[in-house]
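Q: what's the 3D shape of this:
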Amino acid sequence: MASPRTIAMGLVLLLPATALAHGAGGHPADPALHVDASLEDCSVVFAPELTQDAFARFAREFGSVSAFKQVSPPTTLGQGGFSVGVEGISFSIDDKSAAWNDTFAHPDAYHELGSDLSFPKLRLRVGVTDDLDVGAFYSENPQANYGWLGFEVKYGILDQREDMPIALALRGAYTKTLYVADMDMHAVTVDVSVGRTFWNVLTPYLGLGSDAVLVRETSDAVALQSEGLLVPHATVGFEARTWHVAIGAEAQFSAVTSYQVQVAAVF
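A: As a prediction, the model looks like this:
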């Protein structure tokens, strides 16, 4: 029987985007790229030139982007409810900066990381009680050396009803960066969100929170101090739900602005 990880990888590979996208080809070789011909795709490999300042910036940007995003309104699923969905995230980085150039290695000098990046996720949520949801997400680039596994808990503080015009929820999440030999990275997220449902279909929402990013360098190429960073974020999004289908979109403004979309089956 196929393992859950094998099944997840297969579903991810069916998506139109596979992990991080790259810049266009047909350009001259870039002498600044760190090349490792044994790689199939751009991978997280620290270069000897990586400085403490660049490592801190990379931790802030990579950590906050990969942290488990909300991509759902403050409403809960209800006891026994569940949701399974496919999610995509896109964002832009300064790939020529030392923070990204000295933390990635490339198959050849023509294969840059690119400034516009995206990757897909698989996500599951379950309603434990009427007010409490738990969830998880998984993503990886099977051609590279990085992936993510995350868990979340959301508690509904206020439910929208006739005498309460909004829903309010508190959420905590944990994200572990997987498969990277040169670092050990964790992100702990706390956020609060408020929203209102219109016509029993559309729920716009706003949120505020922060990601605590903790990363320890484990590379043979450098000797750097561990970084612990608090990265605040603001969120704006919406979800449209009809029958058993939910479609959502979200923008998160943080160290790197990111955009998420999700299509989910809800029961």
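Q: Now the most centrally placed residue in the chain: closest residue in space that isn't a chain neighbour?
A: By Cα atoms, centre = their mean, the chain has its centre lying nearest to residue 66, at 3.4 Å. Distances taken as Cβ to Cβ, 6 or more residues apart in numbering place residue 148 nearest to residue 66, at 5.2 Å, with adjacent residues excluded. All C-beta spots, glycine's among them, are computed from the backbone N, C-alpha and C.
Q: any idea which helix or strand comes after the helix or strand hosting that neighbour?
A: Using DSSP states H and E, residue 148 maps to strand 147-158. The C-terminal neighbour of strand 147-158 among helices and strands, as given by DSSP H and E, is strand 167-178.
Q: Check which helices and strands the helix or strand just after that next one is in contact with.
A: The C-terminal neighbour of strand 167-178 among helices and strands, as given by DSSP H and E, is strand 183-195. Here strand 183-195 touches helix 52-66, strand 167-178, strand 202-217, strand 227-242, going by 3 or more Cβ pairs under 8 Å, 6 or more residues apart in numbering; DSSP states H and E.
Q: starting at the chain centroid, how far to the last one?
A: Pointing back at strand 227-242 there. Offset of strand 227-242 from its chain centre (Cα atoms, centre = their mean, to the nearest Å): 10 Å.
Q: what's the host helix or strand of residue 87 in contact with?
A: Here residue 87 sits within strand 82-92, counting by DSSP H and E. Contact with strand 82-92 is made by 11, 15, 17, 65, 69, 71-72, 77, 115-127, 137, 246, 256-267, as judged by Cβ atoms under 8 Å, 6 or more residues apart in numbering.
Q: That one vs helix 52-66, what angle?
A: If you take axes from the mean of the first three to the mean of the last three Cα atoms, to 10 degrees, strand 82-92 sits at 140 degrees to helix 52-66.
Q: The helix or strand just after strand 82-92 - contacts with which helices or strands?
A: Elements were assigned by DSSP H and E; along the chain past strand 82-92, the next helix or strand is helix 98-101. In terms of contacts (3+ Cβ pairs under 8 Å, 6+ apart), helix 98-101 is packed against helix 52-66.
Q: Can you give me the buried ones in the helix it packs on?
A: Neighbour-count burial for helix 52-66, counted by 16 or more other Cβ atoms under 10 Å, picks out 54-66.
Q: now swap in stretch 195-206 and tell me
A: Applying 16+ other Cβ under 10 Å to stretch 195-206 flags 195, 196, 197, 203, 205 as buried.
Q: what is the rounded mean pLDDT of that stretch?
A: Across stretch 195-206, pLDDT averages out at 97.
Q: How far away from the center of its chain is that stretch?
A: 24 Å.
Q: mind checking the end-to-end distance for that stretch?
A: 6 Å (Cα to Cα, to the nearest Å).
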